[in-house]
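J.: build the 3D model from these lines:
(chains A and B)
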Protein chains: 2
Amino acid sequence: MTIPTLTAFARSPDGGRGLARDMRVRWALEEVGQPYDVRLVSFAEMKAPAHRALHPFGQIPTYQDDELALFESGAIVLHLAQSRPGLLPDASAAPAARARAIAWMFAALNTIEPPILERANAVLLERDRPWHAERLPLVDARVRVRLGELADHLRQGAGWLDGDFSAADLLMVTVLRRLGSSGLLDEFPALPAYIARGEARPAYQRAFEAQRAVFTAADATAPAGARTTPPPKTA
Amino acid sequence: MTIPTLTAFARSPDGGRGLARDMRVRWALEEVGQPYDVRLVSFAEMKAPAHRALHPFGQIPTYQDDELALFESGAIVLHLAQSRPGLLPDASAAPAARARAIAWMFAALNTIEPPILERANAVLLERDRPWHAERLPLVDARVRVRLGELADHLRQGAGWLDGDFSAADLLMVTVLRRLGSSGLLDEFPALPAYIARGEARPAYQRAFEAQRAVFTAADATAPAGARTTPPPKTA
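T.: Numbering: from 1, shown residues only, chains lettered A, B, ... in the order given. Here you go, the predicted structure:
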């Protein structure tokens, strides 16, 4: 059996900060100890028919192995978690705990991520619109409601969303990291602490370095004026 | 074993149009032939500690049976689909088809629903803001990109997202129905046709009538001035 292949951005739009959705899948693969290949795609390739045959919405990541072609980062992480030990409670010994961990996967992607995506749209797509300054606080307020509820929940637990670290924590940490530069996370100290616990995992660090290496290599071959390497992030 | 219990809005904010997320779970329960009870909660109860113990984000639906308490409509539908036949390809006979159907469940909730939620926020929460008229076309354009891609995909298939009707179609139809009054769906004729195929299923119709009966009963007991029964929808 050949090892699975992911797709990822040939040129990272976030400067190697690991905010693209391939990071979720890389992290999951590292957690379960599954080696993988990466095929890099340009923005133009991502929207072309060959890639859309793998991903109808023209995005990354995709996942392919001998038996299966998948899209949607949440689905790929769930597939890895259901087919290999390490990311969900055992199906036979703890079916209820497993179902609850999967519920938290959906909470990360369908309750927490939508207002964060709305905020990203405001900042990335509407920054130059006349309403931006007045509207952003409204959007922030919607994000804050969910962050507060999540922080309340985390304070009642033992460090992770429901029992041990699971695929739900992996998704939730990657969703929350998109707020890194907003200042919102710092209003809820349980959240930066939670993210730091995720980032401290060796599997996270291997995945982060792997995606960062793609950015660094692409940037080194770019014309000098196009280089965007940020200064190394301090801890 | 007692039958499972859902929670749903005591007073439907959509006038019985079946747009609340209990509809997804009711439909899934009807598809797999699982009887269920419903416990109605007020908005105040939904945000109180007793309900938050079931749903950390203070929403409906929740699901409880003898073994399990769940939240997140997507997770509840997936749990029903994985534990009972009828909503996913067979795990042993067609594991790849099953994984692809689950990928489409995530696509419904994490690719298609977020821009639709952003539009709902614009219409429900920002209608009186000075930017509303100028901004709505930008939000509509983001929704339109995804609807166009989805319509392209559906035109290549045989009526459903991937093979036979599955839990993915159930979620996708309920997600798209939230655009009912926007006019956007009619720009992509494959989409109203797809929604109509979903709504024609007997299980959908039973679920729809059950949620509508809650609204009708609540409205009949409301003070006359508070009644909101819309005229019966024509077909």
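J.: domains for chain A, by residue range?
T.: Here the domain assignment for chain A is A:5-87+A:202-226, A:95-199, based on automatic domain parsing.
J.: using CSV, lay out those domains together with mean pLDDT, mean neighbour count and distance to chain B.
T.: From N, CA and C alone the C-beta is placed, and that goes for glycine too. Formatted as CSV, the domains of chain A follow (pLDDT from 0 to 100; neighbours: other C-beta atoms under 10 Å in any protein chain shown; distance: least, C-beta to the nearest C-beta, whole Å):
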stretch, mean pLDDT, mean neighbour count, distance to chain B
domain A:5-87+A:202-226, 94, 18, 4
domain A:95-199, 97, 18, 4
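J.: next SSE downstream of the longest helix that chain A contains?
T.: Longest helix in chain A by number of residues (criterion: DSSP state H): helix A:132-155. Per DSSP states H and E, helix A:132-155 leads on to helix A:167-177 as the next helix or strand towards the C-terminus.
J.: what angle separates that next one from helix A:132-155?
T.: Between the axis of helix A:167-177 and that of helix A:132-155 there is an angle of 150 degrees, by axes from the mean of the first three to the mean of the last three C-alpha atoms, to 10 degrees.
J.: just give the nearest non-adjacent residue to the spatially most central residue of chain A, would you?
T.: Compute the mean C-alpha point of chain A, and by C-alpha atoms, centre = their mean the closest residue is A:T174, 3.7 Å away. Using C-beta to C-beta, 6 or more residues apart in numbering or on different chains and skipping the chain neighbours, the partner closest in space to A:T174 is A:R24 (4.9 Å).
J.: repeat for A:M172
T.: Nearest residue to A:M172 in three dimensions, chain neighbours excluded: A:A108, at 4.2 Å (C-beta to C-beta, 6+ apart).
J.: name the residues that touch the longest helix of chain A?
T.: A:111-112, A:115-116, A:118-119, A:122-123, A:126, A:161, A:172, A:179, A:182, A:184-185, A:187-191, A:194, B:52, B:56-58, B:121, B:125-126, B:129, B:131 (C-beta atoms under 8 Å, 6 or more residues apart in numbering or on different chains).
J.: go on, stretch A:167-178?
T.: Contacts of stretch A:167-178 (C-beta under 8 Å, 6+ apart): A:18-19, A:21, A:23-24, A:27-28, A:31, A:73-74, A:77-78, A:80-81, A:87-88, A:101-105, A:107-109, A:112-113, A:116, A:120, A:150, A:160-162, A:185, A:191, A:194-195, A:198-199, A:204.
J.: what about A:I102, distance to B:Q82?
T.: 9 Å (C-beta to C-beta, to the nearest Å).
J.: helices or strands up against the helix or strand encompassing A:E118?
T.: A:E118 belongs to helix A:113-125 when elements are defined using DSSP H and E. Packing contacts for helix A:113-125, counted by 3 or more C-beta pairs under 8 Å, 6 or more residues apart in numbering or on different chains; DSSP states H and E, involve helix A:132-155, helix A:167-177, helix B:113-125.
J.: tabulate the ones you listed (CSV), appending distance to A:D37.
T.: Output for these, formatted as CSV (distance: least, C-beta to C-beta, whole Å):
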stretch, distance to A:D37
helix A:132-155, 35
helix A:167-177, 21
helix B:113-125, 30
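J.: closest one to A:T5 among the ones you listed?
T.: With C-beta to C-beta, the closest approach to A:T5 among the helices and strands packed on helix A:113-125 belongs to helix A:167-177: 20.2 Å.
J.: can you give me the angle the closest one makes with helix A:113-125?
T.: When the same axes, to 10 degrees is applied, the directions of helix A:167-177 and helix A:113-125 differ by 30 degrees.
J.: closest one to A:D65 among the helices and strands packed on helix A:113-125?
T.: The nearest among these, by C-beta to C-beta, is helix A:167-177 at 18.0 Å.
J.: I'd guessed A:H79 sits against A:L68; true?
T.: Yes - using C-beta atoms under 8 Å, A:H79 is in contact with A:L68, at 7.5 Å.
J.: okay, and the common contacts of the two?
T.: Residues touching both A:H79 and A:L68 by C-beta under 8 Å, 6+ apart: B:A99.
J.: do you know how far A:L125 is from A:L117?
T.: Distance check for A:L125 against A:L117: by C-beta to C-beta, it reads 11 Å.
J.: cool, A:R127 as well?
T.: In terms of C-beta to C-beta, A:R127 sits 15 Å off from A:L117.
J.: hmm, back to that, show me how far the host helix or strand of the residue nearest to A:T174 is from its chain's centre.
T.: A:R24 belongs to helix A:22-32 when elements are defined using DSSP H and E. How far helix A:22-32 lies from its chain's middle: 9 Å, per C-alpha atoms, centre = their mean, to the nearest Å.
J.: who are the packing partners of it?
T.: Counting contacts by 3+ C-beta pairs under 8 Å, 6+ apart, helix A:22-32 is packed against strand A:5-9, helix A:73-83, helix A:167-177, helix A:202-220.
J.: can you list the strands that the following helix or strand past that helix pairs with?
T.: The helix or strand immediately downstream of helix A:22-32 is strand A:37-41, counting by DSSP H and E. With DSSP bridges as the test, strand A:37-41 is paired with strand A:5-9 (parallel).
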